[in-house]
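Visitor: predicted model and sequence below, questions to follow.
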Amino acid sequence: MNNHKKVRWGVLGAGRIAHTFCQDISHAKYAELIAVAARKIDSAKSFANTYQIPIALEGYQALYTHAEVDAIYIATPHTLHFEQAKAALSAGKHVLCEKPITINPEQCQQLINIAAENNCFLMEGMWTYFLPTIIQAKKWADSGRIGAIVHVKADFGYPVKWVEGDRMYNPELAGGCLLDMGIYTLAIAQHFIGQQPVHCQYRHRRAKTGVEDDLTILAQYRDATATLACSFRAKLQNSAYIIGEKGYIDIANFWRADHCALYVIDDKVDEFNEQRSGSGFEFQIDAASKSILADQQEAALMPLSTSLILQHQMQDILQAIANT
């Protein structure tokens, strides 16, 4: 890999999450931001001015076909991800797609196939996996410092005000707290337990549009149990606890964590404090960029098989609660 070369990124969409990406890419070693595309040229130009992006484009087709763009970050709502990622990959562009990568396993499998056919890198933006704090916690767990994992507890919730027609509450736009917030809790359980659950129970509440606005998952694995929750109704603790036979790891605000602590029974025996330059997106941006520069088609830490597992898990949950 040529360490002096950088991947030239274009951003598709100019919403809130795109701002985080653009702020953090300046802290990435292997990436540079050269283009932004929005439906309206005024939005693209305004966004480009904010971040000194050289190329502002109207419409997404211009981004898919732009000769100077190596890779595209898709920052739109999740019901648009499949068509946009498909178009970008089909045009030969590498893709980092905001999570959830798609809204069902069939779409996810299709994108995996299209990426392979076009020799393109594809990754779901599960930025949590790339945070140094999560990497440290995983090292502690993998080296046996807490013993065999028996429980994972994680929750993620913020009050989301109900607004008529809002995407978050719109069933036709795959609204509901599972795909928006619950995916983080499923991902952290998957990351540390590394098995598929053998039995699950769910408790949920529905908003007036019919989408779930509060969900608790009790998942039984061969060797462990996960208790996961997500909510649009209230701010939850938003912590993850990785609990083993000998001790546990406490990860506050696990989805964006910059600190974790290791306990053996009641005693704190180790801790990790991260010093980061951006808000945490820079780590996944660099990981994706390094994979692209090394001609890899997926990231070792967030492989496409994991995206597919999460898609199946979310589909199973939505099907299970559909008639209750």
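Guide: Arrived safely, thanks for sending. Residues are numbered from 1 along each chain as shown.

Visitor: please enumerate the helices of the stretch 201-324 of the chain.
Guide: Along the stretch 201-324 of the chain, counting by DSSP state H, counting those that start in this stretch, helices occupy 281-293, 304-322.

Visitor: in TSV: these, plus distance to residue 66.
Guide: All C-beta spots, glycine's among them, are computed from the backbone N, C-alpha and C. Formatted as TSV, the helices of the stretch 201-324 of the chain follow (distance: least, CB to CB, whole Å):
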stretch	distance to residue 66
helix 281-293	16
helix 304-322	25
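
Visitor: buried deepest among those helices, which one?
Guide: helix 281-293 (a mean of 23; mean count of other CB atoms under 10 Å).

Visitor: need the helices of the stretch 201-324 of the chain in CSV (columns: distance to residue 68 and mean pLDDT).
Guide: What follows is these, written out as CSV (distance: least, CB to CB, whole Å; pLDDT from 0 to 100):
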stretch, distance to residue 68, mean pLDDT
helix 281-293, 15, 98
helix 304-322, 27, 97
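
Visitor: which residue sits closest to the residue positioned nearest the centre of the chain, ignoring its sequence neighbours?
Guide: Nearest to the geometric centre of the chain sits residue 126, at 2.5 Å (CA atoms, centre = their mean). Of all residues not flanking residue 126 in the chain, residue 302 sits nearest, at 4.9 Å (CB to CB, 6 or more residues apart in numbering).

Visitor: I'd guessed that neighbour sits against residue 129; true?
Guide: Yes - in terms of CB atoms under 8 Å, residue 302 counts as a neighbour of residue 129; the distance is 5.1 Å.

Visitor: higher neighbour count, those two?
Guide: Neighbour count, other CB atoms under 10 Å: between residue 302 and residue 129, residue 302 has more, with 25 against 21.

Visitor: so for that one, what pLDDT did the model give?
Guide: Reading off the confidence values, residue 302 has pLDDT 98.

Visitor: one step back: and the residue nearest to residue 126, what is it in contact with?
Guide: 123-124, 126, 129-130, 284, 287 (CB atoms under 8 Å, 6 or more residues apart in numbering).

Visitor: overlap in contacts, residue 302 and residue 129.
Guide: Here residue 302 and residue 129 share the contacting residues residue 284, scored by CB under 8 Å, 6+ apart.

Visitor: please identify the helix or strand for the closest residue to residue 114 other than its chain neighbours.
Guide: Closest residue in space to residue 114, ignoring its immediate chain neighbours: residue 89 at 4.8 Å, by CB to CB, 6+ apart. Per DSSP states H and E, residue 89 falls inside helix 81-90.

Visitor: quick one: contacts of that helix?
Guide: 12, 60-61, 63-64, 72, 74, 76, 95, 97-98, 100-103, 107, 110-111, 114-115, 118, 120, 122.

Visitor: so which of these are in helices?
Guide: Per DSSP state H, helices hold the following members of the contacts of helix 81-90: 61, 63-64, 107, 110-111, 114-115.

Visitor: any chance of a markdown table for these, columns neighbour count and distance to residue 230?
Guide: Converted to a markdown table, the ones in helices among the contacts of helix 81-90 look like this (neighbours: other CB atoms under 10 Å; distance: CB to CB, whole Å):
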| residue | neighbour count | distance to residue 230 |
| --- | --- | --- |
| 61 | 12 | 35 |
| 63 | 26 | 32 |
| 64 | 21 | 33 |
| 107 | 18 | 21 |
| 110 | 15 | 26 |
| 111 | 26 | 24 |
| 114 | 18 | 30 |
| 115 | 23 | 28 |
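
Visitor: what's stretch 109-120 in contact with?
Guide: Taking CB under 8 Å, 6+ apart as the rule, stretch 109-120 contacts 82, 85-86, 89-90, 92-95, 97, 101-102, 121-122, 297, 304, 307-308.

Visitor: now a ChimeraX select for only the buried ones of those residues.
Guide: Buried members of the contacts of stretch 109-120, defined by 16 or more other CB atoms under 10 Å, are picked up in ChimeraX with:
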select :82,85,86,89,93,94,95,97,101,102,121,122,297,304,307,308
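
Visitor: now the strands for this protein?
Guide: For the chain, the strands defined by DSSP state E cover 7-12, 31-38, 55-58, 71-74, 94-97, 122-124, 149-157, 199-206, 212-220, 225-231, 240-244, 247-251, 259-264, 267-273.

Visitor: for the closest residue in space to residue 53 that isn't next to it in sequence, the count of nearby residues, please.
Guide: Computed as CB to CB, 6+ apart, the closest residue to residue 53 that is not its neighbour in sequence is residue 36, at 5.1 Å. Look at residue 36: counted by other CB under 10 Å, it has 29 neighbours.

Visitor: mind listing what residue 36 touches?
Guide: By CB under 8 Å, 6+ apart, the contact set of residue 36 is 10-11, 14, 18, 22, 44, 47-48, 51, 53, 55-57.

Visitor: want to throw these into TSV with pLDDT?
Guide: Formatted as TSV, the contacts of residue 36 follow (pLDDT from 0 to 100):
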residue	pLDDT
10	98
11	98
14	89
18	96
22	97
44	95
47	95
48	96
51	96
53	97
55	98
56	97
57	97
